[in-house]
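Engineer: Task: produce atomic coordinates for the following.
(2 chains)
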Amino acid sequence: MTSTSQREAIKGAKVLMVGAGGIGCELLKTLALSGFQDIHIIDMDTIEVSNLNRQFLFRQSHVGQSKAKVAREAVLKFRPSINITASHANVKDPQFNVEFFKQFNVVLNGLDNLDARRHVNRLCLAAEVPLVESGTTGFLGQVTVHIKGRTECYECQTKPTPKTYPVCTITSTPSKFVHCIVWAKDLLFAKLFGDKNQGNDLNVRSSSNGSEGNNSSDASKDVFEQSPHESPDQYARKIYDHVFGHNIEAALSNEETWKNRRRPRPIYVRDVLPEGERNEGVKYEDGVGSIPSAMGLLGLKNPQEIWSLSENTRVFLEVVRLFLEKRDKEVGNLTFDKDDQLAVEFVTASANIRASSFGIPLHSLFEAKGIAGNIVHAVATTNAIISGLIVIEAIKVLLRDSNNYRMTYCLEHPNRKMLLMPVEPFEANPSCYVCSETPLLLEVNTATTKLRDVIDKIVKSKLGMNLPLVMQGLSLIYEEGDDLDADMVATYAINLDKVLNEFPTPVTNGTTLSVEDFQQELTCNINIKHRDEFDEEKEPDGMVLTGWSGPTTKSEKSSSSSNGDSSSAAGAKRKLEEVSEGNGKNKGIAQEVEVNDEDDDVSVLDGFPETNKKKRVQ
Amino acid sequence: MEGGEEELTAHETALYDRQIRVWGVDAQKRLSKAHVLVSGLTGATVEFCKNIVLAGVGSLALMDDRLVTEEVLGANFLISLDEYANSNKTVAELCSQSLRDFNPMVGVSVLSGELSQMDGEFFDKFDVVVVCSFSFQNKILINERCRKRQKRIAFYTIDCKDSCGEIFVDLQNYTYMQKKGDETVERQLSYPSLEEANSIPWRDLPRKVTKLYFAMRVLDKFELLEGRKPGETSLADFESISIVRKDVCEAQGLKESHLADSLLERLLAAGKMEHPAVCAILGGILGQEVIKAISGKGDPLKNFFYFDAADGKGVIEDISVHSTVTA
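Structural biologist: Take a look at the predicted model:
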């Protein structure tokens, strides 16, 4: 290492690393080699096979174990004398509060999701600890430095939000393969194998909103139930004919829809498979630890191959049968998981059959899995490069060498000869609701909207608060946390279901609500503006929040990507994964079907950096 | 190279899933058939070795007969401390054990001897040759041996001098498919050898070539004249290297002031020291380049890469005849 001052700064530093995945493994190694002596790692994940191609501290024998702990052991083998603390925990756990963050000289993020990144950003701001943030996707990556009062915070710029598709595109008029995937995953899979009580647009919309909707609604209630005398194969065929045949035919009767569109073709099993072919004969052997796989049973070996319509049909029928026969206990509680082979086969086959109907090119299981699981491209080399850049910035931060802080972009194609392009950090955005105190504006129908909607759709999902508290003037109307009295909990539960203008002091046009998260030490003021009507397609929340990280439209893309391969996904992408398959609350929501477009990871560096009008730190 | 008929196994597909999504199945198959030689195991090359073993190359041969010393351990994370204690194993032997663990599907072997002494046939076993910590003369010699073989052997040098780093690439005549929007077009690149690149007078190079290129050549010349081994330098050599700088700059037609004292001082002081963060960056870039060259996917770097932690730039320089300024 170059100088004594550097060596001393490194030796004396206490570093927090959040994430022990793709970037994390590389980072921990590089920190240890660079002479860092005191490192705390937090990661809630356990090791998976698909990590092993780049998370080099892990072996096949570690699959299922804590990433943080195994990473620690591995690094101690070549640097036994350093002090590494490993926490197999979620960084959002209350133990990691502002006090906890204050003990560190610098925080280094190697995270894979937007939620956790925002959370760590807020804690770093509150604890006034410098943050070095990073992310990678394929050959692209970046490292940024965030220091309160000196540079922008992580949330000063809009982060690309997951793509949302209009409901009717998914239910009635798909034009891209991704639309078929969303339909197969969020609607059909959820309907057949997920929670039956969840609302689901599978039938309602597909038969259009005209009179035929009524025709099928009674029948459709039963169609997804397996009747007692029905064999799994008969059931699978019935479902097939209903969703790919009958529903398409019903939709076709709505001529208006197809005026300027290519008309879809209804597909029935009898059109695809030879008369009399039955599936019941396929043998299934219960081997120890064998995973039921329809493609395996049908002799389809190559996940890269695109199956024909009849192959997709056979896979569909076989998967439904396998779910009902081999995994009957799970049916009713399943959510799509990209590591669940049978679920991936189901989504692939269903999406392909639907794509056939609509004249959309079919895709392989490998591709379908990537789209459905929002799988982020990841290679070891980019993570290694990014880890080197993080350490270089971390050393500057420790030396308080603030004139030389840089954000660095790792590019796939050189820009002005540069593959690694340093840029001066940006100044804080004066209207950032996180690091400045600018109030937000919420347009909402105060006569119909309940407090619960504001908490769920705005405070938690948009503002990213974990344990929010809501004040109206001096009165506390809502709070979350472990340490509340039972009677308060009861009051808050009642408040949640109150419509805004029914509170003792009505929340109405001109009211200001103060929202706070103690753990994140973040407070925001929200000015309420009453509005009667909202566009169901464009404003599905029935509310519009402005002033949070800039406009919500995608017109101006952020220069910095929120991607990240610490353990896998890009921020926005993983966030999406969490929304659609994560913590239960939003399971199977059809009103807001989200997925990332398969080809949008190139946009990472859009408009960067010459065109970016943000002011650089002087 | 042919893509090959046999499919990847289910295990390979699962293990390499995330990277196949980056470079595709055909590239993965080609990787698994490529043979790579690395001579000189330093912080930068062990980073590279890790990267291509994880990526799943066919085989990797290591050459480094040194016994372990403090200096070797510097930026090397492949040697676990309890293993090397009391062992008479060479650096290559110790590193090979960790690399095999990283990916049991890659054949990692150890070859003893001095690469610059090997005859031409020795090189035929490899598709890629990477050397580190060789004198400039030996780099040129090995580069020429690779070039004389019938098959095309990709040749790379990589060196980390504390906070600075250099990579040189020679793919000879290289054809690949370049993606342009939705189309792919065949593109041919013609690389100069290290000797050819070095013979281009500096006065003919574009003005904006990174100063590191010139500084590294002055350092090479200094080591040659003084009979030093690579990296056997210290700040005390500044006066002698200043004279070399003056002579070289005059002969090459470059203003002496173009090469600041501070840069030469940094390189001299670096000696054999490697900045682990810079090693990670150089090893990452080289790993990516070798993967590109083997798979024929992506624009390969031509023909020098420089990184300097002081300004944070990672720059590509094309030092070849057609890139020179035509007066």
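Engineer: Show me how the record splits the chain into domains.
Structural biologist: The chain I'm using is chain A. A:4-160+A:377-423, A:175-359, A:440-546 (automatic domain parsing).
Engineer: Switch to chain B, please.
Structural biologist: Split by automatic domain parsing, chain B gives B:10-195+B:274-316, B:196-270.
Engineer: which residues does the closest residue to chain A within the stretch 101-250 of chain B contact?
Structural biologist: Proximity of the stretch 101-250 of chain B to chain A (Cβ to the nearest Cβ) peaks at B:Phe102, 5.3 Å away. C-betas here are computed from N, CA, C, even on glycine. Residues near B:Phe102 by Cβ atoms under 8 Å, 6 or more residues apart in numbering or on different chains: A:Phe56, B:Lys50, B:Val53, B:Leu54.
Engineer: Isn't the third one up against B:Pro104?
Structural biologist: No. No contact is recorded between B:Val53 and B:Pro104 when judged using Cβ atoms under 8 Å, the distance being 9.9 Å.
Engineer: Which one of those two is surrounded by more residues?
Structural biologist: More crowded of B:Val53 and B:Pro104, by other Cβ atoms under 10 Å in any protein chain shown: B:Val53, with 25 against 11.
Engineer: Shouldn't the more buried one be within a helix?
Structural biologist: Yes. Counting by DSSP: H, G, I helix; E, B strand; the rest coil, B:Val53 is found in a helix.
Engineer: got the contact list for it?
Structural biologist: B:Leu60, B:Leu99, B:Phe102, B:Asn103, B:Val106, B:Val108.
Engineer: Mind putting the contacts of B:Phe102 into CSV with pLDDT and distance to B:Val36?
Structural biologist: Formatted as CSV, the contacts of B:Phe102 follow (pLDDT from 0 to 100; distance: Cβ to Cβ, whole Å):
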residue, pLDDT, distance to B:Val36
A:Phe56, 94, 17
B:Lys50, 96, 12
B:Val53, 96, 9
B:Leu54, 94, 13
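Engineer: Check those and tell me the two furthest apart.
Structural biologist: A:Phe56 and B:Val53 (8.4 Å; Cβ to Cβ).
Engineer: what about residue 73, neighbour count?
Structural biologist: Went with chain A since none was named. Using other Cβ under 10 Å: A:Glu73 sits among 13 other residues.
Engineer: actually chain B
Structural biologist: 17.
Engineer: tell me the contacts of it?
Structural biologist: B:Ile79.
Engineer: Got phi/psi on the residue of the stretch 101-250 of chain B closest to chain A?
Structural biologist: phi -60, psi -40 (degrees, to the nearest 10).
Engineer: what's the answer for the one 10 residues further on, then?
Structural biologist: Dihedral pair for B:Ser112: phi -100, psi 170, per degrees, to the nearest 10.
Engineer: how close does it get to B:Thr90?
Structural biologist: Here B:Ser112 is placed at a distance of 7 Å from B:Thr90 (Cβ to Cβ, to the nearest Å).
Engineer: Name the residues contacting each of those two.
Structural biologist: By Cβ under 8 Å, 6+ apart, the residues touching both B:Ser112 and B:Thr90 are B:Asp65.
Engineer: Of those two, which one has the most company?
Structural biologist: Comparing B:Ser112 with B:Thr90 by other Cβ under 10 Å, the one with more neighbours is B:Thr90, at 20 against 11.
Engineer: So that one sits against B:Leu67, correct?
Structural biologist: Yes. Here B:Thr90 reaches B:Leu67: they are 6.4 Å apart, a contact under Cβ under 8 Å.
Engineer: and the residue lying closest to B:Ala270 once chain neighbours are set aside, what does it touch?
Structural biologist: Of all residues not flanking B:Ala270 in the chain, B:Asp162 sits nearest, at 3.5 Å (Cβ to Cβ, 6 or more residues apart in numbering or on different chains). Residues in contact with B:Asp162, defined by Cβ under 8 Å, 6+ apart, are A:Met1, A:Thr2, B:Arg266, B:Ala269, B:Ala270, B:Gly271, B:Met273, B:Glu274, B:His275, B:Val278.
Engineer: With A:Ala9 instead?
Structural biologist: Contacts of A:Ala9 by Cβ under 8 Å, 6+ apart are A:Ile395, A:Leu398, A:Leu399.
Engineer: Ranking by neighbours, what's the top pick from these?
Structural biologist: For these, the largest neighbour count, defined by other Cβ under 10 Å, is 24 neighbours, found at A:Ile395.
Engineer: quick one: it is in a strand?
Structural biologist: No. Counting by three-state DSSP, A:Ile395 is located in no strand; its state is helix.
Engineer: Which per-residue confidence value corresponds to it?
Structural biologist: At A:Ile395, the model reports a pLDDT of 97.
Engineer: repeat for A:Pro266
Structural biologist: Here, the pLDDT recorded for A:Pro266 equals 95.
Engineer: Could you list the contact residues of the stretch 101-250 of chain B toward chain A?
Structural biologist: Within the stretch 101-250 of chain B, the positions adjacent to chain A are B:Asp101, B:Phe102, B:Asn103, B:Pro104, B:Asp162, B:Ser163 by Cβ under 8 Å from any Cβ of the partner chain.
Engineer: which residues does the fifth one form a beta bridge with?
Structural biologist: If I follow you right, that is B:Asp162. Beta-bridge partners for B:Asp162, by DSSP bridges, are B:Glu274.
Engineer: What is the neighbour count of the residue nearest to A:His119 when sequence neighbours are not counted?
Structural biologist: In this structure, A:His119 finds its nearest non-sequential neighbour in A:Lys92, 5.3 Å apart by Cβ to Cβ, 6+ apart. A count of nearby residues for A:Lys92, using other Cβ under 10 Å, gives 17.
Engineer: Am I right that A:Lys92 is in a strand?
Structural biologist: No. Counting by three-state DSSP, A:Lys92 is not part of a strand but coil.
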